[in-house]
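S.K.: sequence and predicted structure are below.
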Amino acid sequence: MNRTRRTVVATIGGSAGLLTAGTLAASYWSSDGSDESAVDGDGPVLELTDDGFEAHGDLFDGDVQRPPVAFDVVNGRPDAVSLTLAADAFRLTAADATTTDDGHLRVGGGSSDRLESGARLANVVVELTPDAAKRATERTITEPIAVTVDGEATIESGLELALERPGFVVEKATLALRRVDGPVEHRWTLSNLDTGGVALEALRFDYADLESRSASRFDDAESLSATITVDGTEREGEIEHRTADRIDVALAEPLETDGASVEIRFAAPESESESSANQPPNGEPGTRSGATLEFIGGGYSGRVEGVWNDP
């Protein structure tokens, strides 16, 4: 392995932190009459008050953040409330709330329990929607967070989130597996890959959560090759590391594109001349596979889950 390829492997190993929301230790309090409610936490907090909203922590101070980011919502009002949080370019999710199809986050109002006085909705995760990321012409996307309280008219919180557009956006990623005399060939197809001006250097395939784990075992084949085709032209790639359910591939030349069709194929050499039908092992075509593909390059990382290929 040459020096350049070793550098790529180092990038792969260090990229996981790029997808982790940062936290800031802080402790704040608010007062309502004679009672004081603690707003303590390890991350930024958006507190609902009788007068509007208060922000604690540095998430809302205008500095650009790399998504996903996370904050908590605390109800500082004396009564339980239902809430809807919305931002057009962002998708909001939380374990104790419901995310609508258009990316809004709801607590109460029939979707889940209301947020009691002094209660906290923990770990509201904010990500860019794929459409917003693809349409963006600037590296930074800034959006205000609008809040609806108990069904009242939408209230602008007065706070904005500035998120950095990821370097990698793909319209669709499909995965097909086909069995060839024992070995299983894997074929990924990517539609409209946009690297956003960032050079793609490596690909990481993770099959740990694949529906059919028996079909994901790469260590069954004595040897395995990777074929990468971009808009019909084959590009050189080398498998740097593989286990039973993971493959890391380094590109010989970094790739920049604003809408390419890409196919990645893993196969044992003896399967080159064989043919069989694509077979989603468990689940219908078009459904989520559990397998993920991570794009890595230029200090950026982006991940997409493959869906089973249509027959």
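M.R.: Arrived safely, thanks for sending. Numbers count the residues shown, from 1 in each chain.

S.K.: and residue 189, which of the three is it?
M.R.: Each residue gets one of three states, and residue 189 gets strand by DSSP: H, G, I helix; E, B strand; the rest coil.

S.K.: give me the number of residues near it?
M.R.: As a burial measure, residue 189 scores 17 neighbours (other C-beta atoms under 10 Å). (C-beta placed from N, C-alpha, C; glycine too.)

S.K.: likewise for residue 78?
M.R.: 12.

S.K.: quick check: the gap between it and residue 148.
M.R.: From residue 78 across to residue 148, the span is 19 Å (C-beta to C-beta, to the nearest Å).

S.K.: mind listing what's buried in stretch 95-107?
M.R.: Under the neighbour-count criterion of 16 or more other C-beta atoms under 10 Å, stretch 95-107 has 97, 98, 99, 103, 104, 105, 106, 107 buried.

S.K.: want to try TSV for those, with distance to residue 209 and secondary structure as columns?
M.R.: Formatted as TSV, the buried residues of stretch 95-107 follow (distance: C-beta to C-beta, whole Å; DSSP: H, G, I helix; E, B strand; the rest coil):
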residue	distance to residue 209	secondary structure
97	23	coil
98	23	strand
99	20	strand
103	23	coil
104	27	coil
105	25	strand
106	27	strand
107	28	strand
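
S.K.: quick one: least confident of those residues?
M.R.: On pLDDT alone, residue 103 ranks lowest of the buried residues of stretch 95-107, at 81.

S.K.: so that one makes contact with residue 90?
M.R.: Yes - using C-beta atoms under 8 Å, residue 103 is in contact with residue 90, at 6.6 Å.

S.K.: residue 175 is in contact with residue 190, isn't it?
M.R.: No - with contact defined as C-beta under 8 Å, residue 175 and residue 190 do not form a contacting pair (10.3 Å).

S.K.: dump the helix or strand where residue 72 lies to PDB, keeping only the CA atoms.
M.R.: Using DSSP states H and E, residue 72 sits in strand 69-75. What follows is strand 69-75 as a C-alpha-only set of coordinates in PDB (Å, rounded to 0.1, in the frame of the first residue of the first chain):
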ATOM      1  CA  VAL A  69     -26.800  19.100  15.500                       C
ATOM      2  CA  ALA A  70     -28.900  18.700  18.600                       C
ATOM      3  CA  PHE A  71     -30.600  20.700  21.300                       C
ATOM      4  CA  ASP A  72     -33.200  20.200  24.100                       C
ATOM      5  CA  VAL A  73     -36.600  22.000  24.500                       C
ATOM      6  CA  VAL A  74     -37.700  22.800  28.000                       C
ATOM      7  CA  ASN A  75     -41.200  24.000  28.900                       C
END
